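*Asks:* no FASTA, just this:
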């Protein structure tokens, strides 16, 4: 099997346009006639990204949400989606369409088109979605963070990972955590409001630590994260206790679909005012520094990095 | 297994925007800021749309070409593509990237982005491409043909189908036919030049007869095709003899990736002049009439429709 990083390196040679952003970003940004069109494409594979026994409605929601989260990370307002669908069994397919309807309705979107194919007999299915949107201002990359910038996250971290662990243990409570795993809410409004002023932005899909490390690496600096400032929900605190190991678990769990962004220190007040205005917590969790890599602290004391920062891409 | 037509019918209820064209077209047409963005998404499945033993370079070419052919059918100029790729073996993947490079270079395009995923162990792979383009004028649908309009095709019909049969028989000659199967050339220039004036247009992917029947059905009329005017290449004529059964085989074979379009009778001279100008045959092969369905004639005599008009979608 090809290493994914080798494969992407070979693809990068074909990404010979600024719109591709060297394949370092989660979306392409095409400038057409003065408009900024943002477009992203994510696939999910049965047995890899979802379980065959997962409710099809939730698989549909997730397929939509993960793509919209990429648009949110670029501050784009979605205009529609195209579905790439491998037909399966009638019941599953019909339940998937119901879930797709629920998700598209929730985000006020229509299905624009796509392709339906016969799946190979007995093969796990691959489902694909392309989301297209428009940015009404500058589109932040993940490479614009600079030493001195603050590192921020939206919402709460680790809920979805805890929800997944609950499901694996056959549990369904607290329902709020399971819901955060099954029906992530891309931070579209926050992304659109933040995009014009942030220095760098992306969504958190593979884990806070690994995604922060990626932003730092793309930006040519290091990130120092204060674990005790990473926002955890009340339900997660109640379940996990909120100790250091629980915070590390939350910061490496993945599936958050929150926003991660860098902003100059002097923007802090404006960001907190925006948080008030849109009713979504925005929390300062660290800062960027000269150098490379990631460092962790907890209550001012340095903490060793965990062996695993999150999901490697494609995992 | 769900019937594809039932599934698409249920999706159609989600296509609640004119941009989706009721999912009847091969591409969506988004109007953004006065620009017409045309976007299409096609998937190909190992063992369904290509053989595991096919050269990966050709699979890559075909994946690009079939998507660009959808843009050609809408008269859009491609701006780039996004790849959805399931990793396989290293050799195959690297050969695929070489083929992708060849194809993108041939069409002057860059890779914009996409997604790479781990394939489920041992599963046939699903590859997806999204192509995005811009139309600089009206975007023809497949539903604009009216009784009295002429039915036209570009290029030659049946070459690719003959090439596939040759390959299945272990033959590689005539090479021109095999090449037409392995490396279809989407008719981008012709599509862009024809789009502003045609009444209806689409590409021919599943077979001339079935795609003509689809255009007639979408347009609420019938199509009468004169088999003896369907353009066959010299190599195909030499191989097949060009008799009636050979012409029916060509018209139902699929994989042509030629353009099929409807135009008022008075436009014939302008269309032939365009054909001269761009060096691509454009041939009048019939006309639209009141009623429904498809009829065939050969040398003025009525001919029964074959049982099979081409590939059903998803086949």
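*Replies:* Great, that's in hand. Note that the structure is a prediction, hence the values are computed from the model and not measured. Numbers count the residues shown, from 1 in each chain, chains lettered A, B, ... in the order given.

*Asks:* residue contacts, the closest residue to residue A:138 other than its chain neighbours?
*Replies:* Leaving aside its sequence neighbours, residue A:138 sits nearest to residue A:196 (CB to CB, 6 or more residues apart in numbering or on different chains; 5.8 Å). Where you see a C-beta, it was placed from the backbone N, CA and C, and this is true even at glycine. With contacts defined as CB atoms under 8 Å, 6 or more residues apart in numbering or on different chains, residue A:196 is in contact with A:75, A:137, A:138.

*Asks:* wait, a helix at the last one?
*Replies:* Spelled out, it's residue A:138. No: Residue A:138 is assigned coil when assessed by DSSP: H, G, I helix; E, B strand; the rest coil, not a helix.

*Asks:* mind giving me the packing neighbours of the worst-scoring helix or strand of chain A on mean pLDDT?
*Replies:* When the helices and strands of chain A are scored by mean pLDDT, DSSP states H and E, helix A:4-12 comes last with a mean of 90. If you count contacts as 3 or more CB pairs under 8 Å, 6 or more residues apart in numbering or on different chains; DSSP states H and E, helix A:4-12 packs onto strand B:77-87, helix B:90-106, strand B:111-118.

*Asks:* for residue B:37, see how far away the residue in the stretch 151-300 of chain A that chain B sits nearest to is.
*Replies:* Relative to chain B, the nearest point of the stretch 151-300 of chain A is residue A:205 (11.3 Å; CB to the nearest CB). Counting by CB to CB, to the nearest Å, the separation of residue A:205 from residue B:37 is 26 Å.

*Asks:* following element in sequence after the least confident helix or strand of chain A, please.
*Replies:* Using DSSP states H and E, the next helix or strand after helix A:4-12 towards the C-terminus is strand A:28-32.

*Asks:* buried residues in the helix or strand following that following strand?
*Replies:* The helix or strand immediately downstream of strand A:28-32 is strand A:35-45, counting by DSSP H and E. Neighbour counts over strand A:35-45 (16 or more other CB atoms under 10 Å in any protein chain shown) mark A:36, A:37, A:38, A:39, A:40, A:41, A:42, A:43, A:44, A:45 as buried.

*Asks:* next up, the contacts around the residue lying closest to residue A:37 once chain neighbours are set aside.
*Replies:* Once flanking residues are discounted, residue A:37 sits nearest to residue A:30: 4.4 Å by CB to CB, 6+ apart. For residue A:30, the contact set (CB under 8 Å, 6+ apart) comprises A:19, A:36, A:37, A:38, A:39, B:79, B:80, B:112, B:132.

*Asks:* please repeat the previous calculation with a cut-off of 10 Å.
*Replies:* Neighbouring residues of residue A:30 by CB atoms under 10 Å, 6 or more residues apart in numbering or on different chains: A:17-20, A:36-39, A:132, B:37, B:79-80, B:112, B:132, B:134.

*Asks:* which among these gets closest to residue B:154?
*Replies:* Taking CB to CB as the measure, residue B:154 lies nearest residue B:134 of those, at 21.1 Å.

*Asks:* count of neighbours near that closest one?
*Replies:* By other CB atoms under 10 Å in any protein chain shown, 17 other residues sit near residue B:134.

*Asks:* what does the one 10 residues further on give?
*Replies:* One way to gauge burial is a neighbour count; for residue B:144, by other CB under 10 Å, it gives 18.

*Asks:* wait, isn't it in contact with residue B:195?
*Replies:* No: taking contacts as CB atoms under 10 Å, residue B:144 lies outside contact range of residue B:195: 11.3 Å.

*Asks:* anything in contact with each of these two?
*Replies:* Common neighbours of residue B:144 and residue B:195 (CB under 10 Å, 6+ apart) are B:138, B:201, B:261.

*Asks:* so how far is residue B:76 from the second one?
*Replies:* Spelled out, that is residue B:201. 11 Å.

*Asks:* with the last one instead?
*Replies:* Taken as CB to CB, the spacing of residue B:261 relative to residue B:76 amounts to 15 Å.

*Asks:* tell me which of the two has more neighbours.
*Replies:* residue B:261 (31 against 28).

*Asks:* which ones are touching the more buried one?
*Replies:* By CB under 10 Å, 6+ apart, the neighbours of residue B:261 are B:73, B:75, B:140, B:142, B:144-145, B:149-154, B:190-191, B:194-195, B:197-203, B:215, B:271, B:282.

*Asks:* rewinding a little: tell me the one of the contacts of residue A:30 nearest residue B:220?
*Replies:* Nearest to residue B:220 among those, with distances taken as CB to CB, is residue B:37, at 27.7 Å.

*Asks:* show me where chain A has its helices.
*Replies:* Under the criterion DSSP state H, chain A contains helices at A:4-12, A:56-73, A:90-106, A:159-168, A:175-182, A:188-194, A:208-219, A:234-240, A:244-251, A:268-278.

*Asks:* so which of those helices gets nearest residue B:225?
*Replies:* Of all these, helix A:90-106 comes closest under CB to CB, at 34.8 Å.

*Asks:* for that closest one, packing partners?
*Replies:* If contacts are counted by 3 or more CB pairs under 10 Å, 6 or more residues apart in numbering or on different chains; DSSP states H and E, helix A:90-106 sits against helix A:56-73, strand A:77-87, strand A:111-118, helix B:4-12.

*Asks:* dump these into JSON lines; add mean neighbour count as well.
*Replies:* Converted to JSON lines, those look like this (neighbours: other CB atoms under 10 Å in any protein chain shown):
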{"stretch": "helix A:56-73", "mean neighbour count": "26"}
{"stretch": "strand A:77-87", "mean neighbour count": "24"}
{"stretch": "strand A:111-118", "mean neighbour count": "24"}
{"stretch": "helix B:4-12", "mean neighbour count": "16"}
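
*Asks:* with distance to residue B:66 added, can I get these in a markdown table?
*Replies:* Below are the helices and strands packed on helix A:90-106 laid out as a markdown table (distance: least, CB to CB, whole Å):
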| stretch | distance to residue B:66 |
| --- | --- |
| helix A:56-73 | 22 |
| strand A:77-87 | 13 |
| strand A:111-118 | 10 |
| helix B:4-12 | 17 |
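
*Asks:* of these, which is nearest residue A:179?
*Replies:* Using CB to CB, the helices and strands packed on helix A:90-106 put helix A:56-73 closest to residue A:179, at 9.7 Å.
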